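Trainee: Build me a model:
(one chain, ligands or ions: 1)
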Amino acid sequence: MLKEKIEKALNKQIELEASSSQFYLAMASWAETVGLNGTSAFLYGHSDEERQHMLKLVKFINERGGKAVIPALTQPPSTYSSIMEIFESLLEHELNVTDSINNVVDVCLQEKDYTTHNFMQWYVSEQLEEEALARNIIDKLNMIGNDKGGLYLFDRDLETLAAQTPADTQK
Ligand code: OFO
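Mentor: Below is the predicted model of the structure:
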C-alpha cells in the first residue's frame, strides 16, 4: 500500500508529465502552422512520450493500491516568437520536471519506500537524456543564428530524428 505522502508526490508528478505533454503538443501545432515540419514532428513525438510517462505513473499508483488523479491542465501558449523560444522554454520546463522528480525521490527516502524509489530511477535517467537533448538543440540553434539554410537543415534533422523514434516505440 502506498503511503499518503508518496501518493501525493506521485500524483503531482502525473500533473507535470501531463502538462509537459500538453505544452509540447501546443509547440508542435504552432511549428506545423509555420512550416517547420521536422520540428513539429519531433515535438508531436515528444508530446506522446510525455503522455506515456504520465500513464506509467497512473498505472504504478493504481497497481500499488493508491488512487491516481487525472488533473485539469492549464492552457499552454498557442504562439511562439521563434524556434529558439520553443526550445528554451522546453528546457526550462524540463528543469522544473527534474526538480520535481528529485523531490519524489527525496520523499521516497524519507518514507523508506524503496520500491517507489527504484521505480523513479527510470525517470531520473530519462530527465538526464531530455535535458541533454534540449541543450544540444539550443547549441545548434545558437550556431545557426539567422542562417535560413542552416535552419532548413536543422528542421530536416529533427524530422529524421522523429522518424527514428516512432510514437508507439517511444518511452
Ligand atoms: Fe517526462 O520527461 Fe520530460 O517532462
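Trainee: what is the mean pLDDT for whatever helix or strand Glu32 lives in?
Mentor: Secondary-structure assignment from DSSP states H and E places Glu32 in helix 4-33. Per-region confidence: helix 4-33 scores 98 on mean pLDDT.
Trainee: by contact count, what packs against that helix?
Mentor: If contacts are counted by 3 or more Cβ pairs under 8 Å, 6 or more residues apart in numbering; DSSP states H and E, helix 4-33 sits against helix 37-63, helix 83-110, helix 114-144. Just so you know, the C-beta spots here come from the backbone N, C-alpha and C atoms, and that holds for glycine as well.
Trainee: what comes up buried for that helix?
Mentor: For helix 4-33, a neighbour-count test (16 or more other Cβ atoms under 10 Å) marks 6-7, 9-28, 30-31 as buried.
Trainee: Quick one: distance of that helix to the chain centre.
Mentor: With Cα atoms, centre = their mean, to the nearest Å as the basis, helix 4-33 stands 7 Å off its chain's centre.
Trainee: Contact partners for the closest residue to Leu43 other than its chain neighbours?
Mentor: With Cβ to Cβ, 6 or more residues apart in numbering as the measure, Ala28 is the residue that lies nearest to Leu43, at 3.5 Å, once sequence neighbours are left out. The neighbourhood of Ala28, defined by Cβ atoms under 8 Å, 6 or more residues apart in numbering, consists of 39-44, 46-47.
Trainee: of the residues you listed, closest to the ligand?
Mentor: Comparing these against the ligand with Cβ to the nearest ligand atom places His46 closest, at 7.7 Å.
Trainee: quick one: the residue nearest to the closest one when sequence neighbours are not counted and Phe42, what's the gap?
Mentor: The shortest distance from His46 to any residue that is not its chain neighbour, by Cβ to Cβ, 6+ apart, is 4.7 Å, and that residue is Tyr24. Here the criterion is Cβ to Cβ, to the nearest Å. By it, Tyr24 lies 9 Å from Phe42.
Trainee: circling back: dump the helices and strands packed on helix 4-33 to JSON lines, plus mean pLDDT, distance to the ligand and mean neighbour count.
Mentor: Converted to JSON lines, the helices and strands packed on helix 4-33 look like this (pLDDT from 0 to 100; distance: least, Cβ to the nearest ligand atom, whole Å; neighbours: other Cβ atoms under 10 Å):
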{"stretch": "helix 37-63", "mean pLDDT": "98", "distance to the ligand": "4", "mean neighbour count": "20"}
{"stretch": "helix 83-110", "mean pLDDT": "97", "distance to the ligand": "4", "mean neighbour count": "17"}
{"stretch": "helix 114-144", "mean pLDDT": "97", "distance to the ligand": "5", "mean neighbour count": "15"}
